[in-house]
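K.L.:
Next input, structure requested:
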Amino acid sequence: MRIGLLVSFHGIEGVEKGFADLESYGFDNCQLCCWQPELWTDENADAVKASAARHGVTISAFWCGWEGPAVWNFYDGPLTLGLLPEEYRAMRVQNLCDGADFAKKLGVTDVITHMGFIPENPNDPAFEPMCDAIRTVALHCRDNGQYLLFETGQETPVAMLRCFETVGTGNLGVNLDTANLILYGKANPIDALDVFGRYVRNLHMKDGLYPENGHDLGHETPLGEGKVDFPRLLRGLKKLGYDSWLTIEREISGPQQIADIKAAKIYLEEILSSMEQEDALC
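P.N.:
Here you go, the predicted structure:
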């Protein structure tokens, strides 16, 4: 498994610095995240590829944002996030298709996004239209030779699996954000592997605590200080045959973010080393 980092793209100078920092921290891969469709140009694609090559960085996936409001709580979230709100759906379908085309120019096959609060009830009248919208994006990705990955959090694992089955395009996958399932109070990431583990293609290595009220998400923590049991999680992934990307995400800013990222890298390397030693003894 390869440990990497999430890098945000707000412009070429910023992404150049992001890749340089990533290299200096000892990483060689990242997810590239961008919420600004105006940046998804041919010129920027060429510049990003050149910068990644200079710093020896592999872009494992493109995290594709969308336009319009986004409120990250339990009350306004269903009204604003992803492809669930009907008033933003067509615009965001286009955003995701455009983002997939930008990722193709980068040579990236995995496109990730938050789909929004997938209805838990399959008879909810919003469920089928949301699946239809996802299918449109997934087919576009399939034509590009790409996978469309759902970032976990806003839905239960079963609701996500049901959506996969309903969309039925064969190119859907999971970006398992290990903390989000906890922050949203939807599941434990280890148990969730029983439901959708075979679909996992990338991860956000993140930790956190369960919600303390019915309005707000739980609190994110540094790796090893929240509810995620990373040794069990990584062993569970290995049993499923997963041997790919582990992308660190720390959603704070400033010097503490850098310190937490460096500590997370060491923490994960120690777990992986312990797993290798255990395998050698078997």
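
K.L.:
remind me, longest helix of the chain?
P.N.:
helix 255-281 (DSSP state H).

K.L.:
can you give me the mean pLDDT across that one?
P.N.:
The pLDDT scores in helix 255-281 average 94.

K.L.:
heads up, I number from 220, so please use that
P.N.:
In the new count, where the first residue is 220, that last one comes out as helix 474-500.

K.L.:
Which secondary structure elements does it sit against?
P.N.:
Packing partners of helix 474-500 (3 or more Cβ pairs under 8 Å, 6 or more residues apart in numbering; DSSP states H and E): strand 221-227, helix 449-458, strand 464-467. The C-beta positions use only the backbone N, C-alpha and C, and glycine is treated the same way.

K.L.:
Pick the most deeply packed of these.
P.N.:
For the helices and strands packed on helix 474-500, average neighbour numbers computed from mean count of other Cβ atoms under 10 Å are highest in strand 464-467, which has a mean of 25.

K.L.:
Packing partners of that one?
P.N.:
strand 221-227, strand 248-253, strand 277-283, strand 419-424, helix 474-500.

K.L.:
Quick check: buried residues in the longest one?
P.N.:
It stands for helix 474-500. Along helix 474-500, the positions that meet the burial threshold by neighbour count (16 or more other Cβ atoms under 10 Å) are 479-480, 483-484, 486-487, 490-491.

K.L.:
now those as JSON lines including distance to residue 222?
P.N.:
Below are these laid out as JSON lines (distance: Cβ to Cβ, whole Å):
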{"residue": "479", "distance to residue 222": "14"}
{"residue": "480", "distance to residue 222": "10"}
{"residue": "483", "distance to residue 222": "8"}
{"residue": "484", "distance to residue 222": "6"}
{"residue": "486", "distance to residue 222": "10"}
{"residue": "487", "distance to residue 222": "5"}
{"residue": "490", "distance to residue 222": "10"}
{"residue": "491", "distance to residue 222": "8"}
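
K.L.:
Surely residue 336 is in a strand?
P.N.:
No - with DSSP: H, G, I helix; E, B strand; the rest coil as the criterion, residue 336 is assigned coil and is not in a strand.

K.L.:
Could you tell me the angle between the longest helix of the chain and strand 221-227?
P.N.:
Compare the direction of helix 474-500 with that of strand 221-227 by axes from the mean of the first three to the mean of the last three Cα atoms, to 10 degrees and you get 160 degrees.
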